[in-house]
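Peer 1: Following is a predicted model, sequence given first.
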Amino acid sequence: VVDIGKLYGKTGMFTYDPGFTSTASCDSGLTFIDGEEGVLLHRGYPIGQLAENSSFMEVSYLLLNGELPSKDELDTFEFTITRHTMLHDQLRQFYQGFRRDAHPMAIMCGVVGALSAFYHDSTDISDPEHRKISSHRLIAKMPTIAAMAYKYAIGQPFMQPDNRLSYTGNFLRMTFGVPAEEYEVVPAVEKALDRIFILHADHEQNASTSTVRLAGSSGANPFACIAAGIACLWGPAHGGANEAALNMLHEIGTPDKIPEYIARAKNKDDPFRLMGFGHRVYKNYDPRATVMQKTVREVFDALNVSDPVFEVALQLEEMALNDDYFVEKKLFPNVDFYSGVILSAIGFPTEMFTALFALARTVGWVAQWNEMISDPGQRIGRPRQLYTGPEKRDYVPIAQR
Ligand code: ACO
């Protein structure tokens, strides 16, 4: 707590908490994290159990509604999401405005923000029914938007959604299928990707979720709020870490180079950090990383492939976890450390990794946004600051400066 009046002699106190390391910004019933113990629960259910037994659609329902669905409820939810997978045809033209080498996250920020210009009928945020429709639209359209960003980059025609497929199967087909050819979804790949989506679905008040809440607190429409979340997720210290982690593993290349990179990460004069390592909240193994590591092997087996970077990742993890620097600072692999290895084996280029994260996190964002708007005590988010600029002074005409 600091005295805000030190400059003008006024009285008053603020908590000063850069990076909000110990400030709770809201009440939330969605996700619980015990960072010391490495525990992550969604609506009370451990992430490991959800990843093992559930589906992304079921976890989405859980996050949005608070309880696991019955069979009928899940069928209805999946059917509803399926009805909203298509994009307005004019949005196809919107893509043409981007350069072919645009980052998919740039396209997603733009296209998701632009959805507000197409779906005026569901932007009355005071109406729970409107909020529900917007939420469904966002969850349903994200795979279509992300797949189109990929198709645009590689110069292939867009694929329409095939709503007979699962949420994740449909996304795989829209990404890797081509018109007039059958695309066969590999069940093990579909399951692995679905699990990756579950692992990314929500993570309480991280930077992008807080951004969505802050944007939403002003009454902005949900499409604009989720676009803000996508922009925040893009950064390498957040969602961009999966892309950065795989690039780093490729750069290391062979296990004999690992000590050099560990030494760099420990050197305070070198800005380099081990990407995919460390977390603001987890001071233990990120439970999502455990599932992710297991999933790498499953995907490799299903596709009958291997990748030398996985060996580099395993050895890097072992070496770091036995190094005093990482032990003392409690730096463990996070969700991003292994996800890139899996996504790359499936065939996604690194630029798409963060887009996939955004696709899955959309569920958490809309669930958190809904929770906030439904809270009768909700107020506009408005942090204060400690002013460190000049004292009051008089304007000097330009000729006298
Ligand atoms: N490699 C080397 N040192 C690290 C790393 C790392 N990956 N992460 C943290 N440290 C060190 C810092 O240098 C700092 O050392 P110091 O106390 O001597 O100054 C100490 O550990 C604490 O680090 P902070 O940056 O203060 O921790 P913070 O909680 O602010 O940051 C973050 C967490 C951003 C995730 C950080 O660990 C990091 O940059 N990791 C790499 C990027 C990454 O993997 N991000 C993904 C996060 S998960 C997600 O968003 C889905």
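Peer 2: Structure's in. What do you need?

Peer 1: Quick check: residues of the stretch 1-150 of the chain near the ligand?
Peer 2: Residues of the stretch 1-150 of the chain that fall close to the ligand, judged by C-beta under 6 Å from any ligand atom: residue 19. All C-beta atoms are positioned from the backbone trio N, CA, C, and that covers glycine.

Peer 1: so which residue of the stretch 1-150 of the chain comes closest to the ligand?
Peer 2: Using C-beta to the nearest ligand atom, residue 19 is the residue of the stretch 1-150 of the chain that sits closest to the ligand, at 5.8 Å.

Peer 1: Remind me which helix or strand the closest residue to that residue other than its chain neighbours belongs to.
Peer 2: Residue nearest to residue 19 in three dimensions, not counting chain neighbours: residue 280, with 7.8 Å by C-beta to C-beta, 6 or more residues apart in numbering. Using DSSP states H and E, residue 280 is not contained in any helix or strand.

Peer 1: Doesn't the residue of the stretch 1-150 of the chain closest to the ligand lie inside a helix?
Peer 2: Yes: applying DSSP: H, G, I helix; E, B strand; the rest coil, one finds residue 19 inside a helix.

Peer 1: and it, how far is that from residue 237?
Peer 2: Between residue 19 and residue 237 the distance is 11 Å, computed by C-beta to C-beta, to the nearest Å.

Peer 1: So these two - more neighbours on which side?
Peer 2: residue 237 (12 against 8; other C-beta atoms under 10 Å).

Peer 1: I'd like to check which residues are in contact with the more buried one.
Peer 2: Residue 237 makes contact with residue 207 under the criterion C-beta atoms under 8 Å, 6 or more residues apart in numbering.

Peer 1: Contacts only, for the residue of the chain found nearest the ligand.
Peer 2: Minimum separation of the chain from the ligand (C-beta to the nearest ligand atom) falls at residue 278, amounting to 2.4 Å. By C-beta under 8 Å, 6+ apart, the contact set of residue 278 is 329, 331, 332, 334.

Peer 1: one more time with 6 Å
Peer 2: Applying C-beta atoms under 6 Å, 6 or more residues apart in numbering to residue 278 gives the contacts residue 331.

Peer 1: next one: the one 3 residues further on
Peer 2: The neighbours of residue 281, taking C-beta under 6 Å, 6+ apart as the test, are 33, 35.

Peer 1: Model confidence at it, what's the number?
Peer 2: The per-residue pLDDT reported for residue 281 equals 92.

Peer 1: Can you report how many residues neighbour residue 126?
Peer 2: 8.

Peer 1: Residue 380 versus that one, what's the distance?
Peer 2: Per C-beta to C-beta, residue 126 is found 15 Å from residue 380.

Peer 1: circling back to that earlier point, give me phi/psi at the residue of the chain closest to the ligand?
Peer 2: Here is the backbone geometry of residue 278 (degrees, to the nearest 10): phi 90, psi 150.

Peer 1: What pLDDT does the model give it?
Peer 2: 94.

Peer 1: low-scoring stretches of this structure, by residue?
Peer 2: Low-confidence segments of the chain (pLDDT under 70): 1-11.

Peer 1: ok, which stretches of it are strands?
Peer 2: In the chain, the segments counted as strands under DSSP state E are 2-3, 13-14, 31-34, 39-42, 45-46.

Peer 1: Report all helices and strands that the third one contacts.
Peer 2: For strand 31-34, the contact count by 3 or more C-beta pairs under 6 Å, 6 or more residues apart in numbering; DSSP states H and E identifies strand 39-42 as packing neighbours.

Peer 1: in the stretch 101-250 of the chain, which spans are helices?
Peer 2: Under the criterion DSSP state H, counting those that start in this stretch, the stretch 101-250 of the chain contains helices at 104-115, 128-154, 167-176, 187-200, 207-217, 222-233, 241-252.

Peer 1: For the second one, could you pull out the residues that count as buried?
Peer 2: Applying a neighbour-count criterion of 16 or more other C-beta atoms under 10 Å, the buried positions in helix 128-154 are 130-131, 133-153.

Peer 1: and what of stretch 65-83?
Peer 2: For stretch 65-83, by 16+ other C-beta under 10 Å, it's 69, 74, 77, 78, 81, 82.
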